[in-house]
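J.: Sharing a model that was predicted from the sequence below.
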Amino acid sequence: MQTNCTYIPYSETNDFSKLVLDYLTEKEDVRSFYQHPVSLEGIKASIKERQLAPQHRKLLVEELRNQYAGIELTDIQEKNLFRLLQPGTFTVCTAHQPNIFTGHLYFVYKILHTIKLCQTLKSTLNAYDFVPVFYMGSEDADLEELGHINLNGEKLEWKTSQIGSVGRMKVDAAFLQLIDRISGQLSVQQFGEELIDLFKSSYTIGTTIQQATLVLVNELFKSYGLLVLIPDNANLKRPFNSIIKRELSEQFSHPIVRKTILEIGKKYKVQAAGRDVNLFYLVDDLRHRIQFSKGRFQVSSFEWTLHEILSEVDEHPERFSTNVILRGVFQEMILPNIAFIGGGGEIAYWLELKDVFKACSIPFPVLVLRNSFLLIEEREKSLLEKLGILKPEIFKTESILAEKFIKKNTSVQLTLDKELMELGEFYARLQKKAGHVDDTLREHILNLEKKASKSLTKLEKKFLRSEKKKFDAQLRQLSKLKQHLFPAGNLQERVENFSTYYARYGAKLIDKICDASLTLEQEFCILEVKE
């Protein structure tokens, strides 16, 4: 299998927010919202800060071993579990919800970025060890977002009557039917049966989605030493009780975040606003938002005084779930983490949280924008070459690419630049003559020039439209190419599932993407793939 990489700045994709782009270029407007820069020096500073923070290494390893009970670990995973007990070992973490069948392509990319960064840091900072961790946001209750994949342009949905936390839902008959539908599309490919067998062994009837996701992710990445952490766990949550209680007693996080987002909002779009109480309550398969009103805490049919709900925290820590404002604090409390790999939206809301971390005395990690890829297969590469489109140009709009192609391949002059320049010179002479006759005529001549210029511009567009008809076949190919690489106008990685590509290329594609993954360079990769 052959691959070829072309790296471009994220700004050239036109698909990332100004806040994220300014963060990548370390603009002064963003500097106060993060702790450490995305650099080796930033990593070193993060390590020093983490070394001074309280650790929960023994608890973490014990619970990881409990989660992996019945799953055979690779040698490197065993070594990583042992290393986590040592004070010189740190984690690099990425997080995501348990999307069925991994959801979108970037699910795979962010995990591989985490793995690659650990590998690179170990070779650079060999006095330390680094362990890649996938932190599963399994308490998310948004089945509409997590319960579907897009496969070959078709949206396949899990139709289940289950409600509440998706991670706690169980594989049912409808889920197995979904695997059969996927099999019908992919089993004809070289590695299709291998992939379907992996899905069937991961998603067995009655297994929770979070456990099934652990099995699937482990099979895909165990050879790299990745460890999957499911934080929906009473023992892991117990050390976090003090912050849960503080949030309930003082509702401290919202005023801090509100102050930060007021500053961010002066120049950027705010990603997450939070609530007065940034907690949920998990019970009876439901995830309810905790509300405070008239001195009492309310969740559906439940109601507590402050004293009563604090007792509930002690007795049932597993029933309390953080929202986006406090989730990262919990994550960083239980992991000896130095860097967090996140997408554009994740980086945007993490930039709101530095002062919340400070209030909790939890180190704020280096924030690294996850790697992004555009996969271009052989047939697409050939079409790009046929149309004369350079790989970085594919991010331009279809109309711009079509105009460039026509102007490059037509035998007639389509632009009226010379005529527009001569028009400007002509009206400049008229302006000069008018000044000698009646100065008030200047405004009239200016309006005439604007009308004439507008008419020539319209004529130029008509030339282009007429010429387009001669290249109808090529332009239809261009349109089809754009739709394939950017489904519904989105980045490929935000729509497509990895299954389509794995079925064609197998596990070696994951290795190739890992090889192409950058670490702290922060660039977008166009990856050509050829069997």
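T.: The structure has been received and is ready for your questions. Numbering: from 1, shown residues only.
J.: where exactly do the strands run in the stretch 201-350 of the chain?
T.: 227-229, 279-283, 286-289, 291-293, 296-299, 302-304, 320-322, 337-342 (DSSP state E, counting those that start in this stretch).
J.: Repeat that for the stretch 51-200 of the chain.
T.: 89-96, 129-136, 148-151, 154-157.
J.: Output the ones you listed in CSV; the columns should cover distance to Q291, mean pLDDT and mean neighbour count.
T.: Using the backbone N, CA and C atoms, a C-beta is placed for each residue, glycine as well. Formatted as CSV, the strands of the stretch 51-200 of the chain follow (distance: least, Cβ to Cβ, whole Å; pLDDT from 0 to 100; neighbours: other Cβ atoms under 10 Å):
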stretch, distance to Q291, mean pLDDT, mean neighbour count
strand 89-96, 26, 98, 24
strand 129-136, 27, 98, 24
strand 148-151, 30, 96, 20
strand 154-157, 31, 95, 12
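J.: so can I have TSV of those strands showing distance to V324?
T.: Output for the strands of the stretch 51-200 of the chain, formatted as TSV (distance: least, Cβ to Cβ, whole Å):
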stretch	distance to V324
strand 89-96	11
strand 129-136	14
strand 148-151	22
strand 154-157	25
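J.: I362: which of these is closest?
T.: Across the strands of the stretch 51-200 of the chain, I362 has its closest neighbour in strand 89-96 (13.4 Å, Cβ to Cβ).
J.: The closest one pairs with which strands?
T.: strand 129-136 (parallel), strand 337-342 (parallel) (DSSP bridges).
J.: out of those strands, nearest to V299?
T.: strand 129-136 (23.8 Å).
J.: Tell me which residues touch the residue nearest the centre of the chain, please.
T.: Centroid-nearest residue in the chain: G343, 3.0 Å away (criterion: Cα atoms, centre = their mean). Contacts for G343 (Cβ atoms under 8 Å, 6 or more residues apart in numbering) come out as 106, 110, 369-370.
J.: Show me which pair in these is furthest apart.
T.: It's Y106 and L369 that sit farthest apart of the contacts of G343, by Cβ to Cβ, at 11.2 Å.
J.: burial count for the closest residue to F191 other than its chain neighbours?
T.: Counting by Cβ to Cβ, 6 or more residues apart in numbering, F191 lies nearest to G506, which is 3.9 Å off, once chain neighbours are set aside. G506 is flanked by 17 other residues according to other Cβ atoms under 10 Å.
J.: got JSON lines for the strands paired with strand 89-96, with distance to W350 too?
T.: Shown next, in JSON lines, are the strands paired with strand 89-96 (distance: least, Cβ to Cβ, whole Å):
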{"stretch": "strand 129-136", "distance to W350": "13"}
{"stretch": "strand 337-342", "distance to W350": "6"}
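J.: What sits closest to E303 if chain neighbours are left out?
T.: R296 (5.6 Å).
J.: Based on its surroundings, how many neighbours for that neighbour?
T.: Other residues close to R296 by other Cβ under 10 Å number 13.
J.: Roughly how far does the closest residue to K354 other than its chain neighbours sit from E312?
T.: Nearest residue to K354, sequence neighbours excluded (Cβ to Cβ, 6+ apart): F364, at 5.2 Å. Computed with Cβ to Cβ, to the nearest Å, the distance linking F364 and E312 is 30 Å.
J.: which stretches of this protein have low pLDDT?
T.: For the chain, applying pLDDT under 70 flags the ranges 409-420, 422-428, 432-442, 444-445, 449, 452-453, 455-457, 459-470.
J.: Bridged to L367, which residues?
T.: F340.
J.: so what's it up against?
T.: Contacts of L367 (Cβ under 8 Å, 6+ apart): 23, 34, 38, 339-340, 342, 347, 350-351.
J.: Give the bridge partners for the residue nearest to E303, please.
T.: S293.
J.: Distance-wise, check it relative to L401.
T.: 60 Å.
J.: what's the answer for N241, then?
T.: In terms of Cβ to Cβ, N241 sits 56 Å off from L401.
J.: And for Q190?
T.: Counting by Cβ to Cβ, the gap from Q190 to L401 is 33 Å.
J.: doesn't V495 make contact with A488?
T.: Yes - the pair A488 / V495 is scored as a contact, 6.7 Å apart, by Cβ atoms under 8 Å.
J.: who has more neighbours, these two?
T.: Higher neighbour count among A488 and V495: V495, with 18 against 9, using other Cβ under 10 Å.
J.: For that one, what are phi and psi?
T.: The phi/psi pair for V495 (degrees, to the nearest 10) reads phi -130, psi -50.
J.: Give me the nearest residue to S517, chain neighbours excluded.
T.: Per Cβ to Cβ, 6+ apart, closest to S517 is K116, 4.1 Å.
J.: Report the contact partners of that neighbour.
T.: K116 neighbours (Cβ under 8 Å, 6+ apart): 514, 517-519.
J.: Selection in PyMOL covering whichever of the residues you listed are buried, please.
T.: Applied in PyMOL, the following selects the buried portion of these according to 16 or more other Cβ atoms under 10 Å:
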select buried, resi 514+517+518+519
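J.: Mind checking which of the contacts of K116 are in helices?
T.: Counted as lying in helices by DSSP state H, out of the contacts of K116, are C514.
J.: Redo the contacts of K116 as CSV? Include distance to A141.
T.: What follows is the contacts of K116, written out as CSV (distance: Cβ to Cβ, whole Å):
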residue, distance to A141
C514, 32
S517, 31
L518, 34
T519, 34
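J.: can you pull up the bridge partners for L527?
T.: Going by DSSP bridges, L527 forms beta bridges with C5, L375.
J.: and which of the contacts of L367 is nearest K48?
T.: After measuring the contacts of L367 against K48 - Cβ to Cβ - the closest member comes out as A339, at 13.6 Å.
J.: so what's that closest one closest to, chain neighbours aside?
T.: The nearest residue in space to A339 (Cβ to Cβ, 6+ apart) is V366, at 4.2 Å.
J.: what about that neighbour, neighbour count?
T.: 24.
J.: repeat for S183
T.: Neighbours around S183, by other Cβ under 10 Å: 17.
J.: What count of nearby residues applies to the closest residue in space to it that isn't next to it in sequence?
T.: Spatial nearest neighbour of S183, chain neighbours left out: I196 (4.6 Å); criterion: Cβ to Cβ, 6+ apart. Other residues within reach of I196, judged by other Cβ under 10 Å, total 20.
J.: how near is I196 to E496?
T.: I196 is 18 Å from E496, by Cβ to Cβ.
J.: Out of the contacts of G343, which sit inside helices?
T.: Residues of these located in helices (DSSP H): 106, 110.
J.: quick one: contacts for the spatially closest residue to L509 that is not a sequence neighbour?
T.: Spatially, and ignoring its direct neighbours in sequence, L509 is nearest to Y501 (5.7 Å; Cβ to Cβ, 6+ apart). Neighbour list for Y501: 105, 375, 509, 529 [criterion: Cβ under 8 Å, 6+ apart].
J.: Export those residues as TSV, with columns for neighbour count and distance to F292.
T.: TSV is the format used below for those (neighbours: other Cβ atoms under 10 Å; distance: Cβ to Cβ, whole Å):
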residue	neighbour count	distance to F292
L105	25	40
L375	22	48
L509	21	49
V529	22	53
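J.: ok, of the residues you listed, which one's closest to T322?
T.: L105 (27.1 Å).
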